[in-house]
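# what would the 3D arrangement of this be:
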Amino acid sequence: MSEIRKVSVVIPAYNEEATIEQIIAKVRAADVCGLELEIVVVDDGSKDRTRAILEKMPGIKYIAHERNRGKGGAVKTGFATASGQIVMIQDADLEYDPKDYPALIKPILNGADAVMGSRFAYERPTFFSGPNRSPFFSHYIGNILITGLTNLLYANAATDYYACYKAFRKSVIDSIAIESDGFQYDNELLCKLLRRGVKIVEVPVVYRPRSYKDGKKINWTDGVAIIWTIVKWRFKGF
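Below you'll find the predicted structure:
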């Protein structure tokens, strides 16, 4: 659509010195369907060298939180700063590949308001054999619970609400206030969109999980907060 000229990729980063340069290089090289690319990086109070690396990096919009506010807090800061007509979320690790950007952008160019990636539409993880065996069986079970609960309460039929990759028209993001600052940010946003009747297009994306040793941060307490968020926003007014 002619009014869409720029896509803003928002990267929340917390203690990601090992991968932040690599992921930004991958984002710069990504196919963004002929649009102008803006990279917005929010350092969420990192204690390692992430901030020092970002301060020396040209060609990005960089915002620093003095204290850690959580992934949702960093994403909100990034979205507020972004100037693109499309906004996207990119984690600062290497679990997701920017080669998937066209799959996220094209539905919006064709009229969609929101797009979310699905790790499970592409392939189901294996846990007990194979070269790409995932160590996160409990995470997968939790995701099935979160997906099933959301589909039940919001009359939807998605396969994965918790992949990092999501893209939105900026006007849609600007029209909704989000309370959550933690990992449940995504769920609050999606639940509110579903209650508004916004059609969310789901597309397959590639996912290669990292270990907790390598910096993975989400844990079971975040899962509890996510479930409460899903239930709360089914009934609470906004």
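
# for this protein, what spans make up the helices?
Assigned by DSSP state H, the chain shows helices spanning 20-28, 50-55, 71-81, 101-109, 119-122, 137-154, 170-174, 185-195, 220-235.

# against which helices or strands is the worst-scoring helix or strand of the chain on mean pLDDT packed?
For the chain, using mean pLDDT, DSSP states H and E, the weakest element among its helices and strands is helix 119-122, scoring a mean of 73. Using 3 or more CB pairs under 8 Å, 6 or more residues apart in numbering; DSSP states H and E, the elements in contact with helix 119-122 are strand 200-204. In short, each C-beta sits where N, CA and C put it, glycine included.

# what strands flank the strand it packs on, and is each parallel or antiparallel?
strand 114-118 (parallel) (DSSP bridges).

# and the partner strand, how far out from the chain's middle?
9 Å (CA atoms, centre = their mean, to the nearest Å).

# from residue 117, how far off is the closest residue to residue 36 other than its chain neighbours?
Among residues not flanking residue 36 along the chain, residue 6 sits closest, at 4.1 Å (CB to CB, 6 or more residues apart in numbering). For residue 6, the distance to residue 117 equals 21 Å [CB to CB, to the nearest Å].

# and these two? which has more neighbours close in?
Taking other CB atoms under 10 Å, residue 6 and residue 117 do not tie; residue 117 has more neighbours (25 against 16).

# for the protein, give me the ranges with low pLDDT.
1-2, 122-139, 210-218 (pLDDT under 70).

# ok, the most centrally placed residue in it to residue 5 distance?
Centroid-nearest residue in the chain, with CA atoms, centre = their mean: residue 164, separated by 3.2 Å. Distance from residue 164 to residue 5, counting by CB to CB: 25 Å.

# now residue 118
The value you get for residue 118 to residue 5, if CB to CB is used, is 28 Å.

# more neighbours, those two?
Of the pair residue 118 and residue 5, residue 118 is the one with more neighbours under other CB under 10 Å, namely 19 against 13.

# ok, which of the helices of the chain comes nearest residue 160?
helix 119-122 (5.0 Å; CB to CB).

# okay, that closest one in PDB with CA atoms only?
What follows is helix 119-122, C-alpha atoms only, in PDB (Å, rounded to 0.1, in the frame of the first residue of the first chain):
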ATOM      1  CA  ARG A 119       7.300 -21.600  15.200                       C
ATOM      2  CA  PHE A 120       5.000 -24.600  15.000                       C
ATOM      3  CA  ALA A 121       3.400 -23.900  11.600                       C
ATOM      4  CA  TYR A 122       6.900 -24.300  10.100                       C
END
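
# for that helix, the distance to its chain's centre please.
15 Å.

# quick one: contacts of it?
125, 143, 159, 160, 163, 202, 203, 204, 205, 206, 207 (CB atoms under 8 Å, 6 or more residues apart in numbering).

# make JSON lines from these and add distance to residue 39 and neighbour count to it.
Shown next, in JSON lines, are the contacts of helix 119-122 (distance: CB to CB, whole Å; neighbours: other CB atoms under 10 Å):
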{"residue": "125", "distance to residue 39": "29", "neighbour count": "18"}
{"residue": "143", "distance to residue 39": "28", "neighbour count": "21"}
{"residue": "159", "distance to residue 39": "29", "neighbour count": "18"}
{"residue": "160", "distance to residue 39": "25", "neighbour count": "21"}
{"residue": "163", "distance to residue 39": "20", "neighbour count": "26"}
{"residue": "202", "distance to residue 39": "25", "neighbour count": "20"}
{"residue": "203", "distance to residue 39": "21", "neighbour count": "21"}
{"residue": "204", "distance to residue 39": "24", "neighbour count": "17"}
{"residue": "205", "distance to residue 39": "19", "neighbour count": "23"}
{"residue": "206", "distance to residue 39": "20", "neighbour count": "15"}
{"residue": "207", "distance to residue 39": "21", "neighbour count": "21"}
